[in-house]
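Colleague: got a structure for you, letters missing:
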């Protein structure tokens, strides 16, 4: 079992159902029976991750009272959900949300395409941009000049090169977070950092609270460690975290870890404000939960007038609650596999000691290149280029999708690399399958959820611009028409039940 079983109260479910936005009925459209509308509303909450899969629903009588409907209406809605595979019940034990057994698995889309395929397929599967030249070349050249002294050593630095650890510590200190080199461990990318944290602090069967949706590769990493994932729905739009939900999960589930992306969340692009950060740290401290904060998107602020909140670790002076993970992969280049952990010195010592049984250390040449860039100012120049490129791509993609797919809905983030798109009721998994047929590769929503949520979404990264963004939207529209008209894309039903 990978997921914690939660409970949804009658009053809470009633509020969520009433908050659902529904468009006006078209001319001649008949209003569905009350039980059908209720069943559709609960199903939508499950598919969008607002109610977790495997959550216990309130008893029929309790929900009927909260909604001011008859118990017969609730009983009929529950029966309809059971028949469709969205509810499981056991006499005397209650009813739990589920997803149909025959639901299509998420389509491929997060593994990078081989370079030779990029001439015919537009790859929107990976949220990564080409290197910001000439800074990659200059960084590598600078690293080569500084390599000889290190070449006379064994080359194993489990905590990272001392020079880079000092450089990273100084960057945090300049940002107002006093940091010593002893609080830094250099890793092989952010994935290497989070993998090390999960193996050390969250053994098999431990609970890890995760945003819902969340970064697909991290979710899979945690599943493979044997963790029990506890999804916590994001607030609507770009509003950041839903602190009420976080307090409930931290109190009731007492997860060992919580994984969050506070800055330009992947995939939604949300930015948590300072008050949300402070409240989350306080709630985690009270629950005894360690918060792992992924800062890989932090430097990708696109709008110059955006006043960025302070880092989450600023609200944890003792260093007992927050562990911060950073990386060069989004802000600079994914091929530069350098990440880091900032934490209390005792946490770093434990991570370094455990590394002897993992990868021993991070490549020296890449560490020297990053250190050279940060020391000489090349890093800031490169990140400036990256922001401008991502901003142009974002604006081009947003305009193209609005033109070609006007029924698709999204909020435009002010940073990061991703657009989280509601697909007008079409199955994201089937759109991904159809997209590969027409030459555009896109990851479906369920990849970013726990156990089948977000079927009505896709993630579009800001990796193409100009004419290529226009063509990507044209191909996505062609894929949508294939799904809309019921063309065979490996399944029998072209739409999700989300509308």
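Modeller: All right, it came through fine. Just so it is clear, the model here is predicted, and its values are computed rather than measured. Residues are numbered from 1 along each chain as shown.
Colleague: quick one: stretch 188-200 to chain centroid distance?
Modeller: Relative to the centre of its chain, stretch 188-200 is centred 16 Å away, using C-alpha atoms, centre = their mean, to the nearest Å.
Colleague: what's the answer for stretch 124-138, then?
Modeller: Counting by C-alpha atoms, centre = their mean, stretch 124-138 comes out at 21 Å from the chain centroid.
Colleague: average pLDDT for that stretch?
Modeller: Taken as a whole, stretch 124-138 has a mean pLDDT of 94.
Colleague: skipping its backbone neighbours, what lies nearest residue 475 in space?
Modeller: Computed as C-beta to C-beta, 6 or more residues apart in numbering, the closest residue to residue 475 that is not its neighbour in sequence is residue 440, at 3.9 Å. Every residue, glycine included, has its C-beta placed from N, CA and C.
Colleague: quick check: closest non-adjacent residue to residue 461.
Modeller: That would be residue 127: by C-beta to C-beta, 6+ apart, it lies 3.8 Å from residue 461.
Colleague: mind listing what that neighbour touches?
Modeller: Listed by C-beta atoms under 8 Å, 6 or more residues apart in numbering, the contact partners of residue 127 are 266, 330, 417, 418, 459, 461, 462, 463.
Colleague: what number of residues lie near the first one?
Modeller: One way to gauge burial is a neighbour count; for residue 266, by other C-beta atoms under 10 Å, it gives 27.
Colleague: check contacts around it.
Modeller: 127, 214, 215, 296, 297, 416, 417, 418.
Colleague: and if you look at residue 403?
Modeller: Here residue 403 is in contact with residue 473 (criterion: C-beta under 8 Å, 6+ apart).
Colleague: now name the helix or strand holding residue 233.
Modeller: Take DSSP states H and E as the rule and residue 233 turns out to sit in strand 228-233.
Colleague: return the distance of that strand from the chain's centre.
Modeller: 12 Å.
Colleague: can you check stretch 445-465 too?
Modeller: On C-alpha atoms, centre = their mean, the centre of stretch 445-465 falls 9 Å from that of its chain.
Colleague: just the terminal-to-terminal distance for it.
Modeller: Length of stretch 445-465, first residue to last, C-alpha to C-alpha, to the nearest Å: 22 Å.
Colleague: list the buried residues for that stretch?
Modeller: For stretch 445-465, the neighbour count (16 or more other C-beta atoms under 10 Å) marks 445-465 as buried.
Colleague: now that stretch: mean pLDDT?
Modeller: Computed over stretch 445-465, the average pLDDT equals 90.
Colleague: if we can go back for a sec, read off the pLDDT value for the residue nearest to residue 475.
Modeller: Taking residue 440 on its own, its pLDDT is 94.
Colleague: same question, residue 492
Modeller: The model's pLDDT for residue 492 equals 42.
Colleague: residue 2 too?
Modeller: Value for residue 2, per-residue pLDDT: 45.
Colleague: isn't residue 120 up against residue 438?
Modeller: No. Residue 120 is not in contact with residue 438 according to C-beta atoms under 8 Å; the separation is 11.0 Å.
Colleague: more crowded one of those two?
Modeller: residue 438 (17 against 8).
Colleague: ok, the more buried one to residue 477 distance?
Modeller: The gap separating residue 438 from residue 477 is 9 Å, by C-beta to C-beta, to the nearest Å.
Colleague: over to residue 227?
Modeller: 39 Å.
Colleague: if you count surrounding residues, which of the two has more?
Modeller: residue 227 (25 against 19).
Colleague: what about the nearest residue to that one once chain neighbours are set aside, neighbour count?
Modeller: Excluding the flanking residues, the one nearest residue 227 by C-beta to C-beta, 6+ apart is residue 208, at 4.6 Å. Close neighbours of residue 208, defined as other C-beta under 10 Å, add up to 26.
Colleague: tell me the angle the helix or strand harbouring residue 208 makes with strand 228-233.
Modeller: For residue 208, the host element (DSSP H and E) is strand 207-212. Note on geometry: by axes from the mean of the first three to the mean of the last three C-alpha atoms, to 10 degrees, strand 207-212 and strand 228-233 are set 30 degrees apart in direction.
Colleague: longest helix of this protein?
Modeller: Counting residues, the longest helix found in the chain (DSSP state H) is helix 378-404.
Colleague: what's the mean pLDDT across that helix?
Modeller: Rounded mean pLDDT across helix 378-404 is 97.
Colleague: now it: how far from the chain's centre is it?
Modeller: How far helix 378-404 lies from its chain's middle: 20 Å, per C-alpha atoms, centre = their mean.
Colleague: give the buried residues for it.
Modeller: Applying 16+ other C-beta under 10 Å to helix 378-404 flags 378-379, 382-383, 385-387, 389-391, 393-394, 396-398, 400-401, 404 as buried.
Colleague: could you point out which element follows that helix?
Modeller: Heading C-terminal from helix 378-404, the first helix or strand you meet, by DSSP H and E, is strand 418-422.
Colleague: that following strand packs against which elements?
Modeller: When contacts are defined as 3 or more C-beta pairs under 8 Å, 6 or more residues apart in numbering; DSSP states H and E, strand 418-422 sits against helix 378-404, strand 457-461.
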